[in-house]
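Q: predicted model follows, preceded by the sequence.
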Amino acid sequence: MDNKDTYLLNFKDYNFESSLVDADFIENLDDFEIRDDDVFIITYPKSGTIWTQQILSLIYFEGHRNRTEDLATLDRVPFLEYNIRKMDFLNRPSPRLFCSHLPYYLVPKGLKNKKAKIIYVYRNPKDVMTSYFHFSNLVVTLEAGNDMEHFMKRFLDGNETVWPDHRRTAMVYPFKVDVVLNNFSYPQFFQDLRSSVLKISRFLEKELSEEDVEAIVKQATFQNMKSDPKANYDEILKHEIGKRTDEGHFLRKGTVGDWKHHFTVEQNERFDKIFEKNMKNLPLKFIWDLNEE
Ligand SMILES: Nc1ncnc2c1ncn2[C@@H]1O[C@H](COP(=O)(O)OS(=O)(=O)O)[C@@H](OP(=O)(O)O)[C@H]1O
């Protein structure tokens with residue numbers, strides 16, 4: 001029987017996935033030492049984290065670009081709060097690359113004060129919810145989404161799942177906008193992956209040859225990542241996290257606007273009302289489907 005305690009660990013009003021998190025680490029997170037040359041990808045879940053992990057690791061590691069090094073993207077760009085492979089973060093050589101879903105008030109204080117680079121990636125919350133719905137039916141570490149109506153209630157009411165923390169700030173990462181050094185959005189990646197790679201590498205002050213850019217773009221496409229075991233989490237889900245079913249993949253659909261295939265008209269209106277109430281003043285432009293400008 002699913003219940004809240006099985007899946008979530010609440011710490012300072014934020015719900016972590018309990019089976020993936022180390023409570024001691026979280027308690028000391030505030031003091032986790034940040035280096036000026038650390039690079040962080042910050043996302044709300046299901047917003048393009050793995051995609052950005054792949055792009056970042058391809059930008060930084062030649063051995064990843066030319067496939068001479070046998071290391072999964074997750075090991076090159078680990079999750080700060082979900083260190084499932086018990087990596088020794090303190091002794092990692094610089095520059096350290098991380099990703100995180102942490103809300104701003106929980107990130108290590110050094111991340112607020114230092115020069116570490118932050119890439120914040122966001123996606124429209126209807127696609128986020130659709131992706132999360134499927135994901136929660138796929139993995140054993142999240143309460144099953146069951147049907148969309150059931151899941152939507154949880155997502156919007158925010159009583160049981162990892163979303164309540166974000167609902168207060170209307171389902172996007174509550175980073176203060178003046179702290180966000182740079183925003184990238186999922187549709188931007190989708191519409192023009194090459195420009196996004198160039199934009200990210202400029203932001204990181206990494207010089208890339210034309211050949212490098214080609215290699216990165218090629219390896220960061222949905223098709224490539226889906227079939228490359230190092231670049232997707234399928235093996236990790238199967239052997240380290242646990243799947244409810246053999247059907248389904250971490251890289252599921254990889255598009256903008258898939259929510260239209262899952263929301264009823266009424267659900268869409270309900271969502272819009274909440275979005276309007278909570279999010280309309282956010283300085284982020286959301287793209288709801290690919291036909292928009
Ligand atoms: N290369 C590429 N191109 C297009 N889309 C991609 C790509 N890589 C990942 N994805 C899609 O991103 C969704 C997973 O998001 P996250 O990586 O943020 O998930 S997580 O928070 O780390 O669990 C998930 O979205 P959905 O397909 O809508 O479920 C992935 O398919």
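A: Right, received. Where do you want to start?

Q: please save the CA atoms from stretch 119-131 in PDB.
A: Extracted in PDB, the C-alpha atoms of stretch 119-131 (Å, rounded to 0.1, in the frame of the first residue of the first chain):
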ATOM      1  CA  ILE A 119      22.300  27.100 -15.300                       C
ATOM      2  CA  TYR A 120      18.600  27.200 -14.600                       C
ATOM      3  CA  VAL A 121      16.400  25.200 -17.000                       C
ATOM      4  CA  TYR A 122      12.600  25.300 -17.000                       C
ATOM      5  CA  ARG A 123       9.800  23.800 -18.900                       C
ATOM      6  CA  ASN A 124       6.100  24.600 -19.100                       C
ATOM      7  CA  PRO A 125       4.400  23.000 -16.100                       C
ATOM      8  CA  LYS A 126       1.800  21.100 -18.100                       C
ATOM      9  CA  ASP A 127       4.500  19.200 -19.800                       C
ATOM     10  CA  VAL A 128       6.300  18.900 -16.500                       C
ATOM     11  CA  MET A 129       3.200  17.400 -14.900                       C
ATOM     12  CA  THR A 130       2.600  15.000 -17.900                       C
ATOM     13  CA  SER A 131       6.200  13.800 -17.700                       C
END
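
Q: check whether it contacts the ligand.
A: Yes - against the ligand, stretch 119-131 shows contacts by CB under 6 Å from any ligand atom at 127, 131. Placement of C-beta: from N, CA and C, glycine included.

Q: any idea how far that stretch is from the chain center?
A: Stretch 119-131 has its C-alpha centroid displaced from the chain centroid by 8 Å (CA atoms, centre = their mean, to the nearest Å).

Q: mean confidence score for the helix or strand hosting residue 278?
A: Applying DSSP states H and E as the criterion places residue 278 in helix 265-279. Helix 265-279 shows a mean pLDDT of 87.

Q: which elements pack onto that helix?
A: helix 125-138, helix 148-157 (3 or more CB pairs under 8 Å, 6 or more residues apart in numbering; DSSP states H and E).

Q: please convert those to TSV, extending it with mean pLDDT.
A: Converted to TSV, the helices and strands packed on helix 265-279 look like this (pLDDT from 0 to 100):
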stretch	mean pLDDT
helix 125-138	92
helix 148-157	86
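
Q: tell me which of these is the most buried.
A: Across these, averaging neighbours per residue (mean count of other CB atoms under 10 Å) puts helix 125-138 on top, at a mean of 22.
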